[in-house]
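> got a predicted structure here, sequence first:
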Amino acid sequence: MTQPPAVVFVHGLRTSHAIWSDQQRLLMELGYPSIAIDLPGHGVRRQRAFTLAGARAVLDDALASLTPGRPVLLAGLSLGGYTVLDYAARRPGAAVGVLACACSSDPAGKPLRAFRNLTSGIDRL
């Protein structure tokens, strides 16, 4: 019998690994190991600037911490979705699957400016 895949969860912008606690609890009950990471600029890594290279390094560390040979599913939300897509493209064979949610639009133009203005205002509060 093959091992069930481990799931590596990657959060979205302005959140942290904590958003995945309910999913991790359920997966644990079902016998699926999981890890929820914090990207640079978020959670425990909030003092580090976000870069894709830094995000890839965090994912490298997460995958290295898993049982060797265990299949891995990368699951990302928003920024995490873009990040796992980038990671899978640059590290072929690192994961048996990728689930990318809420990351199907090109973040540019007026919507991006509006989002940045909103989040800047929240930061000032």
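Happy to help now that I have it.
> in the protein, which spans are strands?
With DSSP state E as the definition, the chain shows strands at residue ranges 6-10, 34-37, 72-77, 97-101.
> nearest to L26, out of these?
strand 34-37 (9.4 Å; Cβ to Cβ). Placement of C-beta: from N, CA and C, glycine included.
> rewinding a little: buried deepest among the strands of the chain, which one?
Of all the strands of the chain, strand 6-10 carries the top mean neighbour count, a mean of 25, counting by mean count of other Cβ atoms under 10 Å.
> how about CSV for the strands of the chain, with mean pLDDT and distance to H17 added?
Listed next are those as CSV, based on pLDDT from 0 to 100; distance: least, Cβ to Cβ, whole Å:
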stretch, mean pLDDT, distance to H17
strand 6-10, 97, 7
strand 34-37, 98, 4
strand 72-77, 96, 11
strand 97-101, 94, 16
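> TSV for those strands, including distance to R90?
Formatted as TSV, the strands of the chain follow (distance: least, Cβ to Cβ, whole Å):
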stretch	distance to R90
strand 6-10	15
strand 34-37	17
strand 72-77	12
strand 97-101	12
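> would you mind measuring from I37 to A6?
12 Å (Cβ to Cβ, to the nearest Å).
> quick one, helices of this structure?
21-30, 52-64, 79-90, 109-124 (DSSP state H).
> the ones you listed: lowest mean pLDDT?
Looking over those, mean pLDDT reaches its minimum on helix 109-124, with a mean of 74.
> which of the residues in that one are buried?
For helix 109-124, a neighbour-count test (16 or more other Cβ atoms under 10 Å) marks nothing as buried.
> could the helices of the chain be laid out in a markdown table, adding distance to C103?
Shown next, in a markdown table, are the helices of the chain (distance: least, Cβ to Cβ, whole Å):
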| stretch | distance to C103 |
| --- | --- |
| helix 21-30 | 17 |
| helix 52-64 | 13 |
| helix 79-90 | 3 |
| helix 109-124 | 13 |
